[in-house]
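Asker: Sequence and computational prediction follow.
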Amino acid sequence: MIKKLKLWYERSERFFHPLVGVASYDKYLEHMREKHPKAPCKSRKEFFKDFLEKKYNSGLGKC
């Protein structure tokens, strides 16, 4: 059951997150492996925290 939920989430993440403008953690990891192999990678939690911080607290005064 847990494996099915995890698989469903991973597939939904790849489909729905780009639709609503959320960055892909899998693509981030792939980029880091290819372009920055010696640099440490952020955890999933750190990655999304930084993404949301940049998206909503960029200081551009959107609202």
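Answerer: Received, thanks. Numbering: from 1, shown residues only.
Asker: what number of residues lie near A23?
Answerer: When counting by other C-beta atoms under 10 Å, one arrives at 16 neighbours for A23. Where you see a C-beta, it was placed from the backbone N, CA and C, and this is true even at glycine.
Asker: name the helices or strands packed onto the host helix or strand of K54?
Answerer: Using DSSP states H and E, K54 falls within helix 44-56. Judged by 3 or more C-beta pairs under 8 Å, 6 or more residues apart in numbering; DSSP states H and E, helix 44-56 is in contact with helix 25-35.
Asker: Please work out which helix or strand belonging to this structure has the smallest mean pLDDT.
Answerer: Within the chain, no helix or strand scores below helix 2-19, which has a mean of 73 by mean pLDDT, DSSP states H and E.
Asker: circling back: which of the residues in the helix holding K54 are buried?
Answerer: Of the residues in helix 44-56, F47, F48, F51 count as buried by neighbour count, 16 or more other C-beta atoms under 10 Å.
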